[in-house]
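*Asks:* missing the sequence, but the structure's below:
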Ligand SMILES: Nc1ncnc2c1ncn2[C@@H]1O[C@H](COP(=O)(O)OP(=O)(O)OP(=O)(O)O)[C@@H](O)[C@H]1O
Ligand SMILES: O=P(O)(O)OC[C@H]1O[C@H](OP(=O)(O)OP(=O)(O)O)[C@H](O)[C@@H]1O
């Protein structure tokens, strides 16, 4: 158990669950907690909150730090972006590599340590916070392909993923030139591309002459366009995920939370469609809306008619209603699902 005495709060026996304290993932993460009936009251400016109805303590941390806390086993569970987990992973591997170069560990020990991973295990994809980590360059500039950026200045908050990306690119280019390069050799030589660490507003780096290209997140593309940039490659496609440490303090509680969150995600993704139809058309209707498992069918108090209730993906509902209507379904209703459990 981590020592959190500094918070003057007893965390004894509680599962520690890290939640993004600000930024793009904060509100959706809080909505998920509410849907999963994880009740808490957060005191002003305190980054820790005890859950009232479960033996859990929420720890509010920057999304970028959550993989470190979970990976080192100080915190049991966390919500963060896949990009942040991969950045942490790449950082841990870079550290092992540096230790091998300095002779602190043998190549075999490096392989063994890499095999153990960064300590974060993905529990489930949360279906929000979707975006891409992309290599971007000025729209009307001289750089056309990622290879043109080798040896140049790259601004990013994702230094480890950017180093890994350009190390692979340099290796590819060098191998093509010499026909003798090996993967390992590429990672041992010094990176020629200069990765510059920036903590925010990365898009400004090119216009201000700090960088020739950047590696940053793109969702709608508005920020990129406004900065006069265009994407030339994707490093990672990311979304928010639930992660757990290698040995959580209470696996049963981890499973319970995962099950509740899964239920909330399903409820957000589906709606309930109800309609009346003649029994003779039921098979056709079931092809249009087969449901998550199968439609629920009840007899109506009218000869030859049935009432059907079926879960439908929200994004498909309009087309499905059109189809059902076309084959003679009546009284089609669509209802929101508040929560669900498999
Ligand atoms: N535009 C976006 N659309 C969707 N998800 C995003 C977007 N930007 C970032 N994310 C996701 O949110 C995570 C946290 O990014 P964000 O920039 O919100 O963090 P932060 O630095 O903690 O907050 P802030 O930028 O407000 O200081 C990212 O790692 C990514 O997974
Ligand atoms: O493609 P878009 O929809 O425009 O989103 C992309 C922007 O969102 C994120 O930054 P954020 O606004 O969270 O602030 P930051 O730059 O301070 O991290 C990301 O770093 C981009 O700048």
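*Replies:* Cool, got the structure. The structure presented is a predicted model; accordingly, all values stated were derived computationally and were not measured. Ligands and ions are numbered 1, 2, ... in the order given.
*Asks:* For the rest of this, base every contact and every neighbour count on C-alpha atoms.
*Replies:* OK.
*Asks:* got the contact list for residue 241?
*Replies:* Under the criterion of C-alpha atoms under 8 Å, 6 or more residues apart in numbering, the contact list for residue 241 reads 79, 80, 81, 82, 122, 123, 124, 125, 126, 127.
*Asks:* and these as JSON lines, adding distance to residue 60 and secondary structure?
*Replies:* Conversion of these to JSON lines gives the following (distance: C-alpha to C-alpha, whole Å; DSSP: H, G, I helix; E, B strand; the rest coil):
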{"residue": "79", "distance to residue 60": "10", "secondary structure": "strand"}
{"residue": "80", "distance to residue 60": "11", "secondary structure": "strand"}
{"residue": "81", "distance to residue 60": "15", "secondary structure": "strand"}
{"residue": "82", "distance to residue 60": "18", "secondary structure": "helix"}
{"residue": "122", "distance to residue 60": "19", "secondary structure": "strand"}
{"residue": "123", "distance to residue 60": "19", "secondary structure": "strand"}
{"residue": "124", "distance to residue 60": "20", "secondary structure": "strand"}
{"residue": "125", "distance to residue 60": "20", "secondary structure": "strand"}
{"residue": "126", "distance to residue 60": "18", "secondary structure": "coil"}
{"residue": "127", "distance to residue 60": "20", "secondary structure": "coil"}
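*Asks:* Make CSV from those residues and add neighbour count and pLDDT to it.
*Replies:* As requested, the contacts of residue 241 are exported to CSV (neighbours: other C-alpha atoms under 10 Å; pLDDT from 0 to 100):
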residue, neighbour count, pLDDT
79, 27, 98
80, 27, 98
81, 28, 98
82, 22, 98
122, 15, 96
123, 17, 96
124, 16, 95
125, 17, 96
126, 21, 96
127, 14, 92
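*Asks:* Which single one of these is nearest to ligand 1?
*Replies:* Sorting the contacts of residue 241 by distance to ligand 1 puts residue 81 at the head of the list, at 3.6 Å, by C-alpha to the nearest ligand atom.
*Asks:* which residues does the closest one contact?
*Replies:* Listed by C-alpha under 8 Å, 6+ apart, the contact set of residue 81 reads 63, 129, 238, 239, 240, 241.
*Asks:* In helices only, show me those.
*Replies:* Secondary-structure check on those using DSSP state H: no residue lies within helices.
*Asks:* Now the two most distant members of those residues.
*Replies:* The most widely separated members of those are 63 and 238, with 13.2 Å between them, by C-alpha to C-alpha.
*Asks:* The two: which is more packed in?
*Replies:* For the pair residue 63 and residue 238, the greater number of neighbours falls to residue 63 (24 against 20), based on other C-alpha atoms under 10 Å.
*Asks:* which bits of the stretch 51-200 of the chain sit near ligand 1?
*Replies:* For the stretch 51-200 of the chain, the residues in contact with ligand 1 under the definition C-alpha under 6 Å from any ligand atom are 62, 63, 81, 83, 84, 129, 130, 131.
*Asks:* could you check the distance from the residue of the stretch 151-300 of the chain found nearest ligand 1 over to ligand 2?
*Replies:* Of all residues in the stretch 151-300 of the chain, residue 219 sits closest to ligand 1, at 4.6 Å by C-alpha to the nearest ligand atom. To ligand 2, residue 219 is 4 Å away according to C-alpha to the nearest ligand atom, to the nearest Å.
*Asks:* Also residue 166?
*Replies:* Distance of residue 166 to ligand 2, given as C-alpha to the nearest ligand atom: 20 Å.
*Asks:* what's the answer for residue 158, then?
*Replies:* When residue 158 is compared with ligand 2 (using C-alpha to the nearest ligand atom), they lie 10 Å apart.
*Asks:* hmm, what's the outermost residue in the protein?
*Replies:* For the chain, the residue at maximal distance from the C-alpha centroid (C-alpha atoms, centre = their mean) is residue 303, at 50.8 Å.
*Asks:* Could you pull up the residues touching residue 133?
*Replies:* By C-alpha under 8 Å, 6+ apart, residue 133 lies in contact with 83, 215, 216, 217, 218, 234, 235, 236, 237, 238.
*Asks:* part of a helix, is the first one?
*Replies:* To tie it back to what came earlier, the one meant is residue 83. Yes: read with DSSP: H, G, I helix; E, B strand; the rest coil, residue 83 is one of the residues of a helix.
*Asks:* for the residue farthest from the centre of the chain, helix, strand, or coil?
*Replies:* Under three-state DSSP, the three-state class of residue 303 is coil.
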